[in-house]
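S.K.: Sharing a model that was predicted from the sequence below.
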Amino acid sequence: MQIAVTGSIATDHLMRFPGKFVDSMVADKLDKLSLSFLVDDLEIRRGGVAANISFGMGCLGLRPLLIGAVGPDFTDYRSWLERHGVDTDSVHVSDVRHTARFICTTDAEQNQIASFYPGAMSEARDIELAPISDRVGRLDLVLVGPNDPEAMARHTDECRFRNIAFAADPSQQLARMEGPEIKHLIEGAAYLFTNEYESALIEQKTGWTHDDVLDQVGVRVTTLGAEGARIDVKGADTVFVSCPEEERRADPTGVGDAFRAGFLSGISWGLSHERSAQIGSLLATYVIETIGTQEYQLAQRHFLERLTATYGADAATDVAPHLSLPRA
């Protein structure tokens, strides 16, 4: 199954605040909010939603196509992704703009305040999917992730025009979109990925109910933080998938991207939605145990042991034939 992942490719600047954001907020002064937090550390890491998802899929043994726009400073990042199984030949390189920047501060309660500078990402709207499909032979599924809004609309339109299945993952861009724009990105999607807050925001802005959304998409996948994930399919029972126990908690940045990587990998292998969500939840757990979105390392035995401990021996039996990981 040939999966293309479109969306942001960025450099992450990750900071940690030792206190709680809420302690510095005055309830009746939030309309005049002006705060500065003295942080303890700064980590500069590779990131971006599309790159994170592609990295995770590559680590699991697939070769996803990464589609997005970057600056000329992408050379080292490209090499890193290629070494981890990602096809970067369809990444557009800007002549004038830097690769996007994600700047995020996390407090002691794992709450986050972040900003995103798009930079070269604004040129993603110029990327056409047809030549990419011709290069690789076909596209079976295109994930339309958070990106330049015009690029998201263009990729969605082209998927519909060319009858390519697509997964809608509007994520961070929901905050700046209105109801009609959101509807346009969701209607006809094979999969809709959101977290719990984004799910509510979609319903609020579109005026759709939960069932209305299910009428528009094939599968609705909602991540629930520490509670795992929920999978809804019209006419079927809701499936809940729990999270594996964490060995440590370092930083939550990128856990949703890792979940998507695992879920899409499972779908690519022909596994059930439930099993795919279990793979996604485990991969997300690896991410929360590390600083940075692409710093985790996977090993076959350890991965399968953790899968068995949480989801049972049958889960490991189903997944093992598809994994291509170091044995240690």
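M.R.: Okay, I see it. Since this is a predicted model, take the numbers as computed values, not measurements.

S.K.: Would you check how far apart the closest residue to Glu245 other than its chain neighbours and Leu33 are?
M.R.: For Glu245, the nearest residue in space outside its immediate sequence neighbours is Thr310; the separation is 7.2 Å by CB to CB, 6 or more residues apart in numbering. Placement of C-beta: from N, CA and C, glycine included. The gap separating Thr310 from Leu33 is 40 Å, by CB to CB, to the nearest Å.

S.K.: Out of those two, name the residue with the larger neighbour count.
M.R.: Neighbour comparison, Thr310 and Leu33: the larger count goes to Thr310, with 18 against 9 (by other CB atoms under 10 Å).

S.K.: Just say helix, strand or coil for the more buried one.
M.R.: Look at Thr310: counting by DSSP: H, G, I helix; E, B strand; the rest coil, its state is helix.

S.K.: mind listing what it touches?
M.R.: Taking CB atoms under 8 Å, 6 or more residues apart in numbering, we find Thr310 in contact with Ser242, Cys243, Pro244, Glu245, Gln278, Ser281, Leu282.

S.K.: can you put those in JSON lines and add neighbour count?
M.R.: Output for the contacts of Thr310, formatted as JSON lines (neighbours: other CB atoms under 10 Å):
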{"residue": "Ser242", "neighbour count": "15"}
{"residue": "Cys243", "neighbour count": "22"}
{"residue": "Pro244", "neighbour count": "18"}
{"residue": "Glu245", "neighbour count": "9"}
{"residue": "Gln278", "neighbour count": "28"}
{"residue": "Ser281", "neighbour count": "25"}
{"residue": "Leu282", "neighbour count": "25"}
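
S.K.: Point out the least confident member of the residues you listed, please.
M.R.: Going through those one by one, the lowest pLDDT turns up at Glu245, 91.

S.K.: so where's the stretch 51-200 of the chain uncertain?
M.R.: Of all residues in the stretch 51-200 of the chain, none has pLDDT under 70.

S.K.: how about the strands in it?
M.R.: Along the stretch 51-200 of the chain, the segments classed as strands by DSSP state E, counting those that start in this stretch run 65-67, 69-70, 92-93, 100-106, 112-117, 141-144, 165-168, 191-195.

S.K.: Need those in CSV (columns: mean neighbour count).
M.R.: As requested, the strands of the stretch 51-200 of the chain are arranged in CSV below (neighbours: other CB under 10 Å):
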stretch, mean neighbour count
strand 65-67, 27
strand 69-70, 28
strand 92-93, 17
strand 100-106, 20
strand 112-117, 14
strand 141-144, 26
strand 165-168, 23
strand 191-195, 23
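
S.K.: Export the contacts of Thr310 to TSV and append columns for distance to Leu42 and secondary structure.
M.R.: As requested, the contacts of Thr310 are arranged in TSV below (distance: CB to CB, whole Å; DSSP: H, G, I helix; E, B strand; the rest coil):
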residue	distance to Leu42	secondary structure
Ser242	34	coil
Cys243	28	coil
Pro244	29	coil
Glu245	29	coil
Gln278	34	helix
Ser281	29	helix
Leu282	29	helix
